[in-house]
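Engineer: got a predicted structure plus its sequence, pasted below:
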Amino acid sequence: MKKTSLVALLLIMILMIVGCTPTEAPTPEAVEPPAQTEEAVVQEEPALDPVDIMIGTLKGPTGMGMAQLMMEDPEGLSLEFAIEAAPDAITAKVLSGELDFAAVPTNLASILYQKTEGAYRLAGINTLGVLYVITDSTLTIETIADLKGQSINVSGKGATPDFALRYLLENAGLDPEVDVTLDYALDHASSAQALIGGDIHAALLPQPFVTQVMMKNPDLSIGLDLTTAWEDAVPGTTMPMGGLLVKTEFADAHPEAVANFLKAYESSVAWVNADPKAASQVIAQVGILPMAVLAEKAIPNSNIVWINGSDMDTTLTPFLAAMEAFNPKSIGGSMPDENFYFIQ
């Protein structure tokens, strides 16, 4: 082989060897781990325990406005209710400090504010006038003056209905001790049954008893609407019958929870008035009234409201002043001072 050919052959072999040698893979660039976003870094805070609230209320209109609250707790709150048949039971729980909120008659609210030296204050008015004189067809009662010479069953001597009727009788020139027989032997439920059965001819009753007796005995009718009679007798005023007390110590310790509860209460009142059929189911289920059909018919005539802030003073003070003039004991001996009204 010629020298030139041998060299060429060697070059070809070298190139073949080089071409078969694997080339080194490029080193990958180091990849930085993704930076944690601010959202990922922030640790989720544990949910706060709901604030426990104990509420006392009465069967009837003062409790009916809470129906929505009894279905589901508002966010951040855990509600428990004590539903009582008589104000005495609520009074005992207030005096023992057991309740954070208490729905009571407005004159009792004034009494409890003064008796507890401000430990409970009025957070809102929840019921206006619900009192009516019911008669059977043997009587014709259209004015307060028509009550002269009549016998009327009135439940709870010294309670708001009694004071309101006595005030109106005296305002009309009648002596409650002489011109009218006020019979206190029966409570509301017993008076209602006596009317239905024809055992008595007239009784002063609140809603929902008014609706109940007229549903069961078509011979019964409304003779007098005491709210209208009051507004005629004391122009520019009305009859605030029920209110909601808040425990001052609780309100100071849990201002946000109190604000949320009162806001939810106002929503509940609006819901009850807007949808009596749905509200009546809850009212019957929790035992505020015995029957949904009764609650549905009673709600539109029960004057369930929510009045708070400075409007409480302008709405309630004239009524309490009238009660004080009639008998100071009816509101606790004297008018409550300006701290009576809890205004956020």
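Structural biologist: Arrived safely. Residues are numbered from 1 along each chain as shown.
Engineer: now do the strands in this structure.
Structural biologist: 51-58, 77-84, 101-105, 120-127, 131-135, 151-154, 181-183, 202-206, 221-225, 242-247, 304-307 (DSSP state E).
Engineer: contacting residues for the residue nearest to I144 when sequence neighbours are not counted?
Structural biologist: Using C-beta to C-beta, 6 or more residues apart in numbering and skipping residues adjacent in sequence, the residue nearest I144 is A172, 4.2 Å away. In this view, the C-beta of every residue, glycine as well, is placed from N, C-alpha and C. Neighbouring residues of A172 by C-beta atoms under 8 Å, 6 or more residues apart in numbering: T143, I144, A145, A233.
Engineer: now A172: how far from A159?
Structural biologist: 21 Å (C-beta to C-beta, to the nearest Å).
Engineer: next: D73.
Structural biologist: D73 is 32 Å from A159, where distance means C-beta to C-beta.
Engineer: A251 too?
Structural biologist: For A251, the distance to A159 under the criterion C-beta to C-beta works out to 27 Å.
Engineer: between the two, which has more neighbouring residues?
Structural biologist: With other C-beta atoms under 10 Å as the criterion, A251 and A159 differ in neighbour count, and A251 comes out ahead with 21 against 17.
Engineer: what's the single longest helix in this protein?
Structural biologist: helix 255-274 (DSSP state H).
Engineer: how many neighbours does G118 have?
Structural biologist: 12.
Engineer: hmm, it is touching T248, no?
Structural biologist: Yes. G118 is in contact with T248 according to C-beta atoms under 8 Å; the separation is 6.1 Å.
Engineer: how about the helices in the stretch 151-300 of the chain?
Structural biologist: Read by DSSP state H, counting those that start in this stretch, the stretch 151-300 of the chain holds these helices, from start to end of the chain: 160-171, 188-197, 209-216, 226-233, 248-253, 255-274, 276-286, 292-298.
Engineer: and of those helices, who's closest to P61?
Structural biologist: Comparison of those against P61 by C-beta to C-beta identifies helix 292-298 as nearest, at 7.8 Å.
Engineer: buried ones in that closest one, by neighbour count?
Structural biologist: Of all the residues in helix 292-298, those buried under the rule 16 or more other C-beta atoms under 10 Å are A292, L294, A295, E296, K297, A298.
Engineer: from Y341, how far off is the fourth one?
Structural biologist: Distance from E296 to Y341, counting by C-beta to C-beta: 33 Å.
Engineer: quick check: bridge partners of L245?
Structural biologist: Listed beta-bridge partners, L245: A102, L122 (assigned using DSSP bridges).
Engineer: and it, what pLDDT?
Structural biologist: Looking at L245, its pLDDT is 98.
Engineer: let me know how buried it is, in neighbour terms.
Structural biologist: The tally of other residues near L245 (other C-beta under 10 Å) stands at 27.
Engineer: what do you get for A194?
Structural biologist: The burial metric for A194, expressed as a neighbour count using other C-beta under 10 Å, is 17.
Engineer: show the contacting residues for it.
Structural biologist: By C-beta under 8 Å, 6+ apart, the residues touching A194 are N153, L186, I200, A203.
Engineer: how many neighbouring residues does the closest residue to the second one other than its chain neighbours have?
Structural biologist: What sits nearest to L186 in space, not counting adjacent residues and going by C-beta to C-beta, 6+ apart, is N153, at 5.5 Å. N153 sits with 26 neighbouring residues when counted by other C-beta under 10 Å.
Engineer: do I have it right that N153 meets Q193?
Structural biologist: No. Counting by C-beta under 8 Å, N153 does not reach Q193; the two are 11.0 Å apart.
Engineer: centre-most residue in the protein?
Structural biologist: In the chain, the residue lying closest to the centroid (C-alpha atoms, centre = their mean) is M66, at 3.8 Å.
Engineer: returning to what we had before: possible to save the helices of the stretch 151-300 of the chain as CSV with distance to V104 and mean pLDDT?
Structural biologist: Written out in CSV, the entries for these read as follows (distance: least, C-beta to C-beta, whole Å; pLDDT from 0 to 100):
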stretch, distance to V104, mean pLDDT
helix 160-171, 10, 90
helix 188-197, 16, 92
helix 209-216, 18, 94
helix 226-233, 19, 93
helix 248-253, 15, 98
helix 255-274, 15, 97
helix 276-286, 18, 95
helix 292-298, 20, 94
